[in-house]
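**Student:** Just the structure for this:
(2 chains)
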Amino acid sequence: GNSVTQMEGPVTLSEEAFLTINCTYTATGYPSLFWYVQYPGEGLQLLLKATKADDKGSNKGFEATYRKETTSFHLEKGSVQVSDSAVYFCALSVPVGNFNKFYFGSGTKLNVKP
Amino acid sequence: DGGITQSPKYLFRKEGQNVTLSCEQNLNHDAMYWYRQDPGQGLRLIYYSQIVNDFQKGDIAEGYSVSREKKESFPLTVTSAQKNPTAFYLCASRDRPYSNQPQHFGDGTRLSIL
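**Tutor:** Have a look, this model is predicted:
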(Lines give C-alpha, C1' and ligand atoms only; values in the text may rest on other atoms or scores of the structure.)
Protein backbone atom coordinates (compact mmCIF):
# COMPACT_ATOMS: atom_id res chain seq x y z
CA GLY A 1 0.00 0.00 0.00
CA ASN A 2 0.87 3.69 0.09
CA SER A 3 1.90 5.46 3.27
CA VAL A 4 4.16 8.10 4.76
CA THR A 5 5.99 7.83 8.08
CA GLN A 6 7.47 10.87 9.79
CA MET A 7 9.52 11.15 12.94
CA GLU A 8 7.42 11.96 15.96
CA GLY A 9 7.66 15.34 17.52
CA PRO A 10 7.85 17.74 19.00
CA VAL A 11 11.34 18.64 17.92
CA THR A 12 12.83 21.45 20.01
CA LEU A 13 15.90 23.30 18.78
CA SER A 14 17.75 26.46 19.59
CA GLU A 15 17.96 29.20 16.98
CA GLU A 16 20.66 28.59 14.35
CA ALA A 17 20.72 24.82 15.03
CA PHE A 18 20.68 22.26 12.22
CA LEU A 19 17.32 20.65 11.48
CA THR A 20 16.53 17.20 10.15
CA ILE A 21 13.00 15.79 10.02
CA ASN A 22 12.94 12.23 8.78
CA CYS A 23 10.37 11.01 6.29
CA THR A 24 10.12 7.57 4.72
CA TYR A 25 7.47 6.25 2.41
CA THR A 26 6.01 3.17 0.80
CA ALA A 27 4.36 3.53 -2.57
CA THR A 28 3.19 1.59 -5.56
CA GLY A 29 4.59 3.07 -8.72
CA TYR A 30 6.61 6.30 -8.83
CA PRO A 31 5.33 8.94 -6.43
CA SER A 32 5.92 12.66 -6.34
CA LEU A 33 7.04 13.86 -2.91
CA PHE A 34 6.23 17.05 -1.04
CA TRP A 35 6.87 18.88 2.21
CA TYR A 36 4.18 21.18 3.52
CA VAL A 37 4.28 23.56 6.51
CA GLN A 38 1.34 24.51 8.72
CA TYR A 39 1.35 27.50 11.04
CA PRO A 40 -1.15 27.63 13.93
CA GLY A 41 -4.74 28.07 12.79
CA GLU A 42 -3.83 28.02 9.11
CA GLY A 43 -3.93 25.66 6.17
CA LEU A 44 -0.98 23.84 4.65
CA GLN A 45 1.53 25.73 2.54
CA LEU A 46 3.77 23.99 0.05
CA LEU A 47 7.38 24.17 1.17
CA LEU A 48 9.12 22.12 -1.53
CA LYS A 49 8.62 19.22 -3.90
CA ALA A 50 10.46 16.57 -5.91
CA THR A 51 8.91 14.60 -8.73
CA LYS A 52 11.53 11.96 -9.53
CA ALA A 53 14.39 10.06 -7.96
CA ASP A 54 17.50 12.11 -7.04
CA ASP A 55 15.62 15.40 -7.45
CA LYS A 56 16.39 17.94 -4.74
CA GLY A 57 13.63 20.30 -3.71
CA SER A 58 14.61 23.54 -1.99
CA ASN A 59 12.93 26.67 -0.68
CA LYS A 60 13.63 29.26 2.05
CA GLY A 61 16.78 27.42 3.14
CA PHE A 62 15.00 24.06 3.44
CA GLU A 63 16.09 21.10 1.31
CA ALA A 64 15.00 17.53 0.71
CA THR A 65 16.31 14.91 -1.72
CA TYR A 66 14.17 12.17 -3.25
CA ARG A 67 16.03 8.96 -2.38
CA LYS A 68 14.46 6.01 -4.15
CA GLU A 69 16.96 3.47 -2.82
CA THR A 70 16.09 4.30 0.78
CA THR A 71 12.49 5.44 0.08
CA SER A 72 13.19 8.63 2.00
CA PHE A 73 12.64 12.37 1.67
CA HIS A 74 14.22 13.90 4.77
CA LEU A 75 13.80 17.63 5.36
CA GLU A 76 16.89 19.63 6.34
CA LYS A 77 17.79 23.21 7.13
CA GLY A 78 21.22 24.44 8.09
CA SER A 79 20.19 27.17 10.54
CA VAL A 80 16.66 27.39 11.91
CA GLN A 81 14.96 30.56 13.05
CA VAL A 82 12.20 31.14 15.59
CA SER A 83 9.88 31.90 12.67
CA ASP A 84 10.34 28.30 11.44
CA SER A 85 8.29 27.02 14.39
CA ALA A 86 5.38 25.16 12.83
CA VAL A 87 4.13 21.67 11.97
CA TYR A 88 5.76 20.02 8.96
CA PHE A 89 4.01 17.39 6.85
CA CYS A 90 5.62 15.00 4.42
CA ALA A 91 3.33 13.83 1.62
CA LEU A 92 3.35 11.71 -1.50
CA SER A 93 1.16 11.71 -4.58
CA VAL A 94 0.62 8.51 -6.55
CA PRO A 95 -1.97 7.23 -9.06
CA VAL A 96 -4.81 5.38 -7.35
CA GLY A 97 -7.72 4.37 -9.52
CA ASN A 98 -8.75 7.35 -11.60
CA PHE A 99 -6.78 10.12 -9.90
CA ASN A 100 -3.48 11.00 -8.23
CA LYS A 101 -4.10 10.63 -4.51
CA PHE A 102 -2.19 12.38 -1.75
CA TYR A 103 -1.02 10.56 1.37
CA PHE A 104 0.14 12.65 4.33
CA GLY A 105 2.33 11.83 7.27
CA SER A 106 1.08 12.64 10.76
CA GLY A 107 3.13 15.82 10.99
CA THR A 108 6.16 16.85 13.04
CA LYS A 109 5.93 19.87 15.28
CA LEU A 110 9.05 22.04 15.38
CA ASN A 111 9.69 24.46 18.23
CA VAL A 112 12.62 26.84 17.82
CA LYS A 113 13.75 28.72 20.93
CA PRO A 114 15.62 32.02 20.80
CA ASP B 1 -4.10 36.98 -5.96
CA GLY B 2 -5.34 33.50 -6.77
CA GLY B 3 -6.17 31.19 -3.96
CA ILE B 4 -8.68 29.18 -1.99
CA THR B 5 -11.13 30.82 0.40
CA GLN B 6 -12.80 28.84 3.14
CA SER B 7 -15.56 30.20 5.31
CA PRO B 8 -16.41 30.52 8.07
CA LYS B 9 -13.16 30.24 10.01
CA TYR B 10 -15.02 28.91 13.07
CA LEU B 11 -18.34 27.06 13.11
CA PHE B 12 -20.43 25.59 15.87
CA ARG B 13 -22.94 22.81 15.41
CA LYS B 14 -25.84 21.85 17.63
CA GLU B 15 -26.95 18.26 18.05
CA GLY B 16 -29.01 17.05 15.10
CA GLN B 17 -28.05 19.99 12.92
CA ASN B 18 -26.51 19.97 9.44
CA VAL B 19 -23.88 22.61 8.73
CA THR B 20 -22.24 23.62 5.46
CA LEU B 21 -18.63 24.68 5.01
CA SER B 22 -17.83 26.87 2.04
CA CYS B 23 -14.82 26.46 -0.28
CA GLU B 24 -14.19 28.75 -3.27
CA GLN B 25 -11.14 28.81 -5.55
CA ASN B 26 -10.13 31.25 -8.30
CA LEU B 27 -7.16 29.21 -9.53
CA ASN B 28 -9.14 27.67 -12.41
CA HIS B 29 -8.32 24.24 -11.01
CA ASP B 30 -10.30 21.20 -12.14
CA ALA B 31 -9.83 19.07 -9.02
CA MET B 32 -10.97 19.91 -5.50
CA TYR B 33 -10.69 18.01 -2.23
CA TRP B 34 -11.95 18.03 1.35
CA TYR B 35 -9.80 16.78 4.21
CA ARG B 36 -10.35 16.34 7.90
CA GLN B 37 -7.50 17.01 10.32
CA ASP B 38 -7.56 15.75 13.91
CA PRO B 39 -4.88 16.60 16.51
CA GLY B 40 -1.68 14.63 16.04
CA GLN B 41 -2.91 13.00 12.87
CA GLY B 42 -2.33 13.53 9.20
CA LEU B 43 -5.02 14.61 6.79
CA ARG B 44 -7.78 12.19 5.87
CA LEU B 45 -9.65 12.50 2.58
CA ILE B 46 -13.42 13.00 2.86
CA TYR B 47 -14.51 13.68 -0.73
CA TYR B 48 -12.93 14.74 -3.97
CA SER B 49 -14.13 16.12 -7.30
CA GLN B 50 -12.26 15.94 -10.57
CA ILE B 51 -14.71 17.89 -12.68
CA VAL B 52 -17.90 19.89 -12.37
CA ASN B 53 -20.98 17.81 -11.51
CA ASP B 54 -18.87 14.84 -10.45
CA PHE B 55 -17.49 13.83 -7.06
CA GLN B 56 -16.24 10.67 -5.36
CA LYS B 57 -16.08 9.40 -1.79
CA GLY B 58 -12.75 9.45 -0.09
CA ASP B 59 -11.62 7.40 2.89
CA ILE B 60 -14.02 8.81 5.52
CA ALA B 61 -17.13 10.00 3.62
CA GLU B 62 -19.76 8.70 6.06
CA GLY B 63 -21.77 11.54 7.58
CA TYR B 64 -20.66 14.07 4.96
CA SER B 65 -22.03 15.25 1.61
CA VAL B 66 -20.75 17.55 -1.14
CA SER B 67 -21.80 19.17 -4.40
CA ARG B 68 -19.85 20.57 -7.38
CA GLU B 69 -22.25 22.69 -9.41
CA LYS B 70 -19.59 25.24 -10.37
CA LYS B 71 -15.90 24.78 -11.11
CA GLU B 72 -14.86 27.28 -8.45
CA SER B 73 -17.06 25.99 -5.61
CA PHE B 74 -17.04 22.76 -3.59
CA PRO B 75 -19.13 23.06 -0.40
CA LEU B 76 -19.07 20.37 2.28
CA THR B 77 -22.10 19.56 4.44
CA VAL B 78 -21.51 17.89 7.78
CA THR B 79 -24.73 16.05 8.51
CA SER B 80 -26.22 14.96 11.82
CA ALA B 81 -25.14 11.42 10.92
CA GLN B 82 -21.51 12.43 11.58
CA LYS B 83 -21.28 11.66 15.27
CA ASN B 84 -17.85 13.08 15.88
CA PRO B 85 -17.61 16.19 13.71
CA THR B 86 -15.25 18.23 15.87
CA ALA B 87 -12.16 18.75 13.72
CA PHE B 88 -10.28 21.14 11.46
CA TYR B 89 -11.54 20.92 7.87
CA LEU B 90 -9.28 21.77 4.95
CA CYS B 91 -10.25 22.32 1.34
CA ALA B 92 -7.64 21.89 -1.40
CA SER B 93 -7.42 22.11 -5.16
CA ARG B 94 -5.14 20.92 -7.91
CA ASP B 95 -4.85 21.95 -11.55
CA ARG B 96 -5.78 18.52 -12.89
CA PRO B 97 -6.63 15.20 -11.21
CA TYR B 98 -3.65 13.37 -12.73
CA SER B 99 -1.18 16.17 -12.29
CA ASN B 100 2.02 15.71 -10.29
CA GLN B 101 1.73 19.30 -9.15
CA PRO B 102 1.05 20.08 -5.48
CA GLN B 103 -2.32 20.63 -3.94
CA HIS B 104 -3.12 24.17 -2.78
CA PHE B 105 -4.92 24.60 0.53
CA GLY B 106 -7.32 27.06 2.08
CA ASP B 107 -6.92 28.30 5.66
CA GLY B 108 -9.42 25.84 7.07
CA THR B 109 -12.63 25.83 9.09
CA ARG B 110 -12.64 24.70 12.70
CA LEU B 111 -15.91 22.95 13.58
CA SER B 112 -16.97 22.42 17.18
CA ILE B 113 -20.01 20.97 18.88
CA LEU B 114 -22.15 23.16 21.13
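**Student:** Contacts only, for residue 112.
**Tutor:** I'll assume chain A. Shown in contact with residue A:112 (Cβ atoms under 8 Å, 6 or more residues apart in numbering or on different chains): A:12, A:13, A:14, A:15, A:17, A:80, A:81, A:82, A:83, A:84, A:85. Glycine gets a C-beta too; all of them are placed from N, C-alpha and C.
**Student:** not what I meant, chain B
**Tutor:** Residue B:112 touches B:10, B:11, B:12, B:13, B:86, counting by Cβ under 8 Å, 6+ apart.
**Student:** host element of the residue sitting nearest the centre point of chain B?
**Tutor:** Nearest to the geometric centre of chain B sits residue B:34, at 2.9 Å (Cα atoms, centre = their mean). In the assignment (DSSP states H and E), residue B:34 maps to strand B:31-37.
**Student:** Restrict the contacts of residue A:112 to the buried ones and give me that as a ChimeraX selection.
**Tutor:** In ChimeraX, a selection of the buried entries from these looks like this (16 or more other Cβ atoms under 10 Å in any protein chain shown):
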select /A:13,80,84,85
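**Student:** Which two of the contacts of residue A:112 have the greatest separation?
**Tutor:** Greatest spatial distance among the contacts of residue A:112 (Cβ to Cβ): A:12 and A:83, at 15.4 Å.
**Student:** so how far is stretch A:20-36 from its chain's centroid?
**Tutor:** 8 Å (Cα atoms, centre = their mean, to the nearest Å).
**Student:** Any buried residues in that stretch, and which?
**Tutor:** A:21, A:23, A:24, A:25, A:27, A:31, A:32, A:33, A:34, A:35, A:36.
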